[in-house]
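Undergrad: Coordinates for the following, if possible.
(one chain, ligands or ions: 1)
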Amino acid sequence: MDAPVKVQVRIKPTDNLKTECLNHGLNDEELQHDQDIILVKLSSTKVQFNEEKEFQFDHVYETDCNQKDVFEKSTVPLLKQLVLGYNVTVMAYGPTGSGKSYTLGTSSAEVPSHHANNAGLLTQIISWIFSRMTTSTGEDDQKISKVQVSFLEIYKEEIFDLLSSVVKKIEIKNDKVENVVMENISEVEVCSQENALDLIHTANMRRQVKKTKSNDSSSRSHAIISLKLEIHKNGESRFSTLKIVDLAGSEAVAKDGVMGEIKNEGIFINKGLLALGKVITALNSKNASHIPHRESILTRALKDSLSGNSLTVLICCVKADFQSIATTSAALQFASKARAIKTKVQPSFFKTPFKVPPTQLKTPGKTPFKTPGSTPFRTPLAQIQRSKVVTPGGSSFAVPEKMAMLEKCVDLDESVLVSGSSNLPKLSESDDIENRIHMAVMERVDTFLEGFKDKLAQSLLANCSGTHFSSQSLLDGNSADNSSHVKACRSEFDGLNLTSALAGNITSTSENIDSRRRSVRLAEKRMTFSDANDSRLSISTLRRSSTVKKVSKRAPALPLPTPEGNSKEQVVKYRKDLLYFLNHASQCQIQKLPSVGPKAGHSIITFRNLNGMLKDFETLKMVPGLRKNFHENFMKVNFLE
Ligand SMILES: Nc1ncnc2c1ncn2[C@@H]1O[C@H](COP(=O)(O)OP(=O)(O)OP(=O)(O)O)[C@@H](O)[C@H]1O
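TA: Predicted coordinates:
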């Protein structure tokens, strides 16, 4: 089906211009001149420019319209299509300082709050979507079951992943059927409105914004926020994507006399927008044999929105004052050209979720997936999967942390799916899931191993009756402690292949790749433990659960650290345990800590997913979404002061 790009115009209120002119040091005389209005609204679809030219659009907003009006008229009709499986794009275009970020709600100054009256489109869109997660979308019995966010910016012709806490460039490629593919882009699942807004706000703070002559916080990059929806109906799913595109404003680089980095950025911004103009002209022309999508990164990234499978609305933001005559004229011409473009849209259809045939899971002799330099994904089940570890020296001992560790694995498994690991390649659906798990496991194994090693060393030492020395004696090969017990333990400890053992253990929880989450939950439910000495945890136990008659128990949670005394060692230990808890516990566990509720728990988990572990309690101050006095309160009620 052909769908014309809808083009709407929003004129920035002149009251604002007056204040801005005064702020920029213009005197009253100049102001009289600058306040000459060059753009007037003639009707709900028509504007007159410079008393001469008329332009027709799909809608022209009143200058005093509020954000809700804009949302209702520009976006709600598209959201209704989004839940029917159509891809949708909401894009803002216009000169610098004309109100694009204000309209979209992507200004870094905008504190995310769905209560704010002037919340931009982004906040309202997220609120609309999450209200459909609990109730039906209105279509039969379908519900939005999952929302994934990605956020990228195009800065000086390079793409950056803003959901990554470290600077991460993204490669843009075309697949075999010329669809645009962003390689390795982070896609983070969000489970509440607050969670989504916090995440986007954190990412937005990483965006390139500078103070310029025309705007105190001018976006120096083009930003694309994507919300990928999974819609569920009677056990079947379909997917659709909403893109919010905040284009950087066109700039009169030469006229404004800007210099240095701002000028440089302006040149790149204009280059991208010029290429966008050429694409739009070519799309309008019946004779064009070629659409120059590849002329810039921006046009490549927007290919789907302008000529692919997307229902698109373009909101052209302009200023009505005499000073902006050139930029407003150019923007209106661009927008009216865009109105003639037609995209080809079709909805996605409901399908049963992808399932890997069981034969693919356990084909004998099949080479498992392997990344260069890593251990194979499906390592043989290691000794560590049993309740007793047998060391090369032949002695065996219990691993009391086994359950906590498995729980950690479950968390890990969940979080991989939830957050999508930041630097994972996009592969076919089955490979993708398997590789995500595998690579994220490998990424995190080292960190996890450190804590685990220490506990293992303690267990080993506990077996050496009558000796009192720290586990550090084993971990630290240079330790001065050279008693025969330590030597014996150390040689046993060194002989353990912990990495492969641990990797084997972690992968064992994720054996059923057809539905990782379900398998993990089933695994949790199906584990049966008769007693501490004979708690066999094997894949066969997990699989044969239906025949198991014993009462299932959930894996115990990480113990909630409690202060044991006031001595220096006890305090240090307590602080260490609590930090470990914050870094390893699940959200449910974290929110049970005094002063931490579900919202703060969620913010901490999101921060952890994006930035890795918290270095110390001070890091809590950097977690977005926490109350102002959260840190102070947390330290007080958790006896950390
Ligand atoms: N409709 C409006 N009502 C009130 N204030 C507005 C409106 N539009 C824009 N503003 C204000 O004008 C200023 C500039 O707006 P904004 O940053 O959204 O411009 P922009 O088009 O995104 O600029 P740039 O391209 O430089 O990033 C902001 O302070 C914003 O609050």
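Undergrad: Let me see the contact set for the closest residue to the ligand within the stretch 101-250 of the chain.
TA: Closest to the ligand within the stretch 101-250 of the chain is residue 249: 2.6 Å, counting by C-beta to the nearest ligand atom. Bear in mind the C-beta positions are built from the backbone N, C-alpha and C, glycine included. With contact taken as C-beta atoms under 8 Å, 6 or more residues apart in numbering, residue 249 is in contact with 94-98, 100, 214-215, 218-219, 269.
Undergrad: could you redo the last one with a cut-off of 10 Å?
TA: Under the criterion of C-beta atoms under 10 Å, 6 or more residues apart in numbering, the contact list for residue 249 reads 92-101, 212, 214-215, 218-220, 266, 269-270, 273, 317, 327, 331.
Undergrad: Kindly identify which of the residues you listed also come near the ligand.
TA: 94, 96-101, 215, 218-219, 317 (C-beta under 6 Å from any ligand atom).
Undergrad: Okay, and which of those map to strands?
TA: Counting by DSSP state E, the part of these found in strands is 218-219, 317.
Undergrad: For residue 188, state which of those is nearest.
TA: residue 219 (21.9 Å; C-beta to C-beta).
Undergrad: can you pull the pLDDT of the residue nearest to residue 160 when sequence neighbours are not counted?
TA: Using C-beta to C-beta, 6 or more residues apart in numbering and skipping residues adjacent in sequence, the residue nearest residue 160 is residue 153, 5.3 Å away. Residue 153 carries a pLDDT score of 93 in this model.
Undergrad: Residue 153 in helix, strand or coil?
TA: Assigned with DSSP: H, G, I helix; E, B strand; the rest coil, residue 153 falls in the strand class.
Undergrad: residues near it, how many?
TA: Residue 153 has 24 neighbours, counted by other C-beta atoms under 10 Å.
Undergrad: Which is the succeeding secondary structure element to the helix or strand bottoming out on mean pLDDT in the chain?
TA: Sorted by mean pLDDT, DSSP states H and E, the helices and strands of the chain end with helix 539-543, the least confident at a mean of 33. Following helix 539-543 in sequence order, the next helix or strand is helix 568-584 (DSSP states H and E).
Undergrad: Report the mean per-residue pLDDT for that next one.
TA: Averaging pLDDT along helix 568-584 gives 89.
Undergrad: helices and strands around it, which ones?
TA: Judged by 3 or more C-beta pairs under 10 Å, 6 or more residues apart in numbering; DSSP states H and E, the packing partners of helix 568-584 are helix 402-419, helix 429-463, helix 587-590, helix 598-611.
Undergrad: switch to 8 Å and redo it
TA: Contacts defined by 3 or more C-beta pairs under 8 Å, 6 or more residues apart in numbering; DSSP states H and E place helix 568-584 against helix 587-590.
Undergrad: what are the C-alpha coordinates of the helix it packs on, in CSV please?
TA: Extracted C-alpha coordinates of helix 587-590, given in CSV (Å, rounded to 0.1, in the frame of the first residue of the first chain):
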residue,chain,number,x,y,z
GLN,A,587,16.1,-6.4,41.0
CYS,A,588,13.7,-8.3,43.3
GLN,A,589,16.5,-8.8,45.8
ILE,A,590,17.9,-5.3,45.6
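Undergrad: Quick one: list the elements packing against that helix.
TA: helix 568-584, helix 598-611.
Undergrad: quick one on the thing from earlier: state the distance from the residue of the stretch 101-250 of the chain closest to the ligand to residue 332.
TA: 14 Å (C-beta to C-beta, to the nearest Å).
Undergrad: Not counting sequence-adjacent ones, nearest residue to residue 8?
TA: Per C-beta to C-beta, 6+ apart, closest to residue 8 is residue 59, 4.3 Å.
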